[in-house]
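A.B. asks: Requesting a structural model of the entry that follows:
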Amino acid sequence: MSIQSTQYLTSVVPGAELPRENHPVFAFIGRSNSGKSSFLNCITNQKGLARSGATPGVTRKVNLYLVNKKYFFADLPGYGYAKMSRQDRNTLEKLIFWYLGNTELKFKNIFLLLDSRVGPTDDDLDIIDFLNAKNLPLTIIASKIDKLKSSEKQTQLKSIAANIPNHQIIPFSSVTAEGKKEVINIMGI
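C.D. replies: Sure, this is the predicted structure:
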């Protein structure tokens with residue numbers, strides 16, 4: 001299985017009408033600068049599909065892509081950007097929880113990206129708690145794994161697993177494509 005086609009469909013905010021097609025959804029979420037855009041570009045084999053802003057925290061909508069004409073990829077904005085006003089952070093938080101809490105959507109999986117060098121932050125753990133409370137499928141992507149020394153990888157992955165028990169953790173690199181095959185297999189695309 002593989003991703004044959006991906007096209008940008010629309011962007012949504014709370015109160016916006018969602019696409020009428022009720023395709024299964026794969027959602028992608030993570031802190032600003034977690035490597036989400038690079039991850040999406042890598043798994044879809046399209047370098048310019050997801051664009052990161054020059055400044056973190058620029059994306060303020062959920063970007064939807066139609067994949068293989070039968071799945072939605074939902075690229076949620078990055079969270080946790082410190083230089084954003086409190087009001088903007090609250091607006092972004094409402095957007096994220098509105099989308100992830102929408103019972104009309106058929107979430108096939110939610111991929112939470114976290115920088116493998118940093119590990120889970122309080123913001124990441126809050127999102128994980130929310131998803132667990134909603135009983136939504138969740139896979140953790142330990143991004144930027146190529147930036148760790150070989151001797152650091154296992155220690156860091158064990159630390160992440162200790163902080164986030166009961167969830168699959170996939171080490172991932174958009175540079176080397178490590179973990180790409182595992183992600184595609186989980187999707188079943």
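A.B. asks: Look at residue 93 and tell me its secondary structure.
C.D. replies: helix (DSSP: H, G, I helix; E, B strand; the rest coil).
A.B. asks: Just confirm it contacts residue 79, I think it does.
C.D. replies: Yes: Residue 93 is within contact range of residue 79, at 6.9 Å (criterion: C-beta atoms under 8 Å). (C-beta placed from N, C-alpha, C; glycine too.)
A.B. asks: Give me the more crowded residue out of the two.
C.D. replies: When neighbours are counted by other C-beta atoms under 10 Å, residue 79 comes out ahead of the other of residue 93 and residue 79, with 22 against 16.
A.B. asks: any idea which residue sits dead centre in the chain?
C.D. replies: Note on the chain: the residue nearest the mean C-alpha position is residue 28, at 2.2 Å, using C-alpha atoms, centre = their mean.
A.B. asks: Now name the helix or strand holding it.
C.D. replies: Using DSSP states H and E, residue 28 maps to strand 24-30.
A.B. asks: moving C-terminal of that strand, what's the next helix or strand?
C.D. replies: Next along from strand 24-30, by DSSP H and E: helix 36-44.
A.B. asks: That next one vs strand 24-30, what angle?
C.D. replies: 140 degrees (axes from the mean of the first three to the mean of the last three C-alpha atoms, to 10 degrees).
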